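A.B. asks: Build me a structure from this.
(one chain, ligands or ions: 2)
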Amino acid sequence: MKLIIKGGLVADPVTGKTELLDVVVEDGRVVRLDKPPTGADRTAMVIDATGQVVLPGLIDAHTHLREPGQEHKEDIASGTAAAALGGFTTVAAMANTDPVIDSRTEVEFVLKRAAETGLVNVLPVGAVTKGQKGEELAELGDMAEAGAVAFSDDGQAIANAELMRCALEYAKMFGRPIIDHCQDESLTNEGVMHQGYWSTILGLRGIPAAAEEVQVARDIILAGRTGGRLHLTHLSSAGSLDLLRWAKERGLPVTADVTPHHLSLTDEVVRRLDYDTGTKVNPPFRSQRDLEALRQAVGEGLIDLIATDHAPHHFDDKDVEYNYASFGIVGLETAVGLVVTNLVEPGILDWAGVARLMSLGPARLFGLKAKGRLEAGGDADLTIIDPKAEWTVDPAGFASKGRNTPFGGMVLRGRVTATIVRGRPVVLDGKLVEQ
Ligand code: DOR
Ligand code: ZN
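C.D. replies: Residues are numbered from 1 along each chain as shown. Ligands and ions are numbered 1, 2, ... in the order given. Sure thing, here's the model as predicted:
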C-alpha cells in the first residue's frame, strides 16, 4: 500500500528544522521525503496536510491500559483507540494491572492482546518487583526476552534502596531502563494533594514536594553507583529539577519526563473546581513556582520527554469524597491540545521541540531505532496536527473508558487530524477509521 502525505510542515526532531515536505510511504515504511510537488501517482492514497504539521508518530512512555484485570476502567482496545485519537502511534503499557505484569506470561499476554485488539503499537513494561510488593525482584531477564521494554513499579514507589540498587544493576544487564515513580511513602503520609497554601485552606492532607525529591536524590545516587539507566517519571517539583540538572551535569545515566497535566495546572485547581476528584492525581498538582519551573525545564531541554501517565478510572472510583477517590487523570486524548495550548502557543516549544519530546525522546528511552524520527527507511508512524484548530474538551466523547479529567469544558488549540501506524491510517479527519 502506498500513501503520500502532501503539503504538510514536517518537523524534524534531529535537525530541529521544520520544512514543507511530502512524505512518501510504501509498505509501512517511509520511502522518501520530497520537496513538493511530488509527481502524481494514481496507485497511492493521498492525504492533504496543507496548513498542518506532520510529526514522527507520537510515543507515550507512560500509559495505564488496565488490561488484564481492570477492564471496567480501560482495556487494550479502548486505550489504544484513545491513543490513536490523541495522535499516539505507540504506547508503553504500565505493569500495575491485575495480575501485575511481573513474569513472561503476562508480558506475552499483553503483546497477544495488543496484536488482536490494539489500534496502535503497544510496548509492555514489566514490574520491577513481584506483585509490585517491593519485596523481591521479578524475573527481569525473562520479561526482557519476552519483549518488556522497561521495568517499573509505577503506581507505587520502591521503598527499599537496596532493592532499587539491585534492580538498576540487573536491568542494566538487559539494556533496559527503570521507570521510577518517586515518592517516599513516609513523607506522603496519606496525603491527597500538594502540601502548601491550598491544602491548608481546603483542609486536605498534603503531600510535600520533599516526598518526591528525597527519592529522586536517592535514585540518582544509585544510578551513578550502578551505571543502570534511571528514568524519572512524572516529575512535579522544582526541587526535583535541580537534582536532575545536577545528575545530567555529571553525565549520570538519568532521564526524565513530565506530564501535560503537570505542565498545565497548579494545586489551586482543587479549589477552583470545588474538590472535583478529577483533579486528584499522583504526584499532585503543585505550586505556581513549580509549574513555571517545569515549563522552563521543558523549554531549555532539561526534560527528555513528555509522557501522559494516562490513568483511567471508573466513575465509581472517582464519585466519592476527595480523600477516598483514586489518583489519576486520563491523558491520551488531551495531551496534544495541552502541549500546543500551554507550550507551543506561548513560544516555549517549537514543533521540532514537540517532536523531540513526544517522539524522539521516548523512542530513545526504549531504544526504538526505526521510530521517533522521520527519515527514509524508518517506520511510517505519523501524526498530523492542525495547529490552529480550537476544540472543547468533552470527556463524554472520549474513546477511553475513563472520563476522569480536570480539563472538561476547556477550550484547547491544536487538534490531531490523522494518525498513521505502519503506513495504515487509523485516524482520519480526527475520527477513527473503520478497520
Ligand atoms: O495518579 C496516578 N495514577 N499516579 C500513578 O502513579 C498511578 C496512576 C494509576 O495507576 O492510577
Ligand atoms: Zn506514577
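A.B. asks: number of nearby residues for residue 272?
C.D. replies: 12 (other C-beta atoms under 10 Å). Every residue, glycine included, has its C-beta placed from N, CA and C.
A.B. asks: meant to ask about residue 103
C.D. replies: 18.
A.B. asks: I'd say it and residue 142 touch.
C.D. replies: Yes: at 6.5 Å, residue 103 counts as touching residue 142 under the criterion of C-beta atoms under 8 Å.
A.B. asks: List the buried residues of the helix of greatest length in the chain.
C.D. replies: In the chain, with assignment by DSSP state H, the single longest helix is helix 209-226. Of the residues in helix 209-226, those buried by neighbour count under the rule 16 or more other C-beta atoms under 10 Å are 209, 211-220, 222-224, 226.
A.B. asks: hmm, who's touching the helix or strand containing residue 298?
C.D. replies: Element membership of residue 298 [criterion: DSSP states H and E] is helix 288-300. By C-beta atoms under 8 Å, 6 or more residues apart in numbering, the surrounding residues in contact with helix 288-300 are 209, 235-238, 241, 244, 258, 262-263, 265-266, 268, 303, 306, 342-343, 348-349, 353, 357.
A.B. asks: near ligand 2 at all, the longest helix of the chain?
C.D. replies: No: judged by C-beta under 5 Å from the ion, helix 209-226 stays clear of ligand 2, getting no closer than 10.5 Å.
A.B. asks: That helix: how far from the chain's middle?
C.D. replies: From the chain centre to the centre of helix 209-226 is a distance of 21 Å (C-alpha atoms, centre = their mean, to the nearest Å).
A.B. asks: Stretch 47-63 and ligand 2, any residue contact?
C.D. replies: No: Stretch 47-63 lies out of reach of ligand 2 by C-beta under 5 Å from the ion, never closer than 7.4 Å.
A.B. asks: start to end distance for that stretch?
C.D. replies: Stretch 47-63 has an end-to-end distance of 29 Å (C-alpha to C-alpha, to the nearest Å).
A.B. asks: How about that stretch, which residues are buried there?
C.D. replies: Buried residues in stretch 47-63, counted by 16+ other C-beta under 10 Å: 47, 49, 52-63.
A.B. asks: now stretch 161-169
C.D. replies: 163, 164, 165, 166, 167, 168.
A.B. asks: what does stretch 292-304 give?
C.D. replies: For stretch 292-304, by 16+ other C-beta under 10 Å, it's 293, 294, 295, 297, 298, 299, 302, 303, 304.
A.B. asks: Send over it as PDB, restricted to the C-alpha atoms.
C.D. replies: The C-alpha trace of stretch 292-304 is given here as PDB (Å, rounded to 0.1, in the frame of the first residue of the first chain):
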ATOM      1  CA  GLU A 292       6.900  27.700  36.000                       C
ATOM      2  CA  ALA A 293      10.000  25.600  36.700                       C
ATOM      3  CA  LEU A 294       8.600  22.600  34.800                       C
ATOM      4  CA  ARG A 295       7.700  24.800  31.800                       C
ATOM      5  CA  GLN A 296      11.100  26.300  31.800                       C
ATOM      6  CA  ALA A 297      12.800  22.900  32.100                       C
ATOM      7  CA  VAL A 298      10.900  21.700  29.100                       C
ATOM      8  CA  GLY A 299      11.900  24.800  27.100                       C
ATOM      9  CA  GLU A 300      15.600  24.600  28.000                       C
ATOM     10  CA  GLY A 301      15.900  20.900  27.100                       C
ATOM     11  CA  LEU A 302      16.400  19.500  30.600                       C
ATOM     12  CA  ILE A 303      13.400  17.300  30.200                       C
ATOM     13  CA  ASP A 304      13.900  14.300  27.800                       C
END
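A.B. asks: Got phi/psi on residue 62?
C.D. replies: phi -150, psi 90 (degrees, to the nearest 10).
A.B. asks: Could you confirm whether the longest helix of the chain reaches ligand 1?
C.D. replies: No: applying C-beta under 6 Å from any ligand atom, one finds helix 209-226 separated from ligand 1 by no less than 11.3 Å.
A.B. asks: quick one: that helix to helix 288-300, angle?
C.D. replies: Put simply, helix 209-226 runs at 40 degrees to helix 288-300, going by axes from the mean of the first three to the mean of the last three C-alpha atoms, to 10 degrees.
A.B. asks: Can you tell me the SS state at residue 240?
C.D. replies: Of the three states, residue 240 takes helix under DSSP: H, G, I helix; E, B strand; the rest coil.
A.B. asks: Pick out the most distant pair among the buried residues of helix 209-226.
C.D. replies: 209 and 226 (26.0 Å; C-beta to C-beta).
A.B. asks: Would you confirm that residue 144 contacts residue 176?
C.D. replies: Yes: with contact defined as C-beta under 8 Å, residue 144 reaches residue 176; the gap is 5.6 Å.
A.B. asks: mind listing the helices for this protein?
C.D. replies: Counting by DSSP H, the helices of the chain are 76-85, 104-117, 140-146, 161-173, 185-188, 197-202, 209-226, 238-249, 269-272, 288-300, 315-318, 335-339, 351-355, 361-365.
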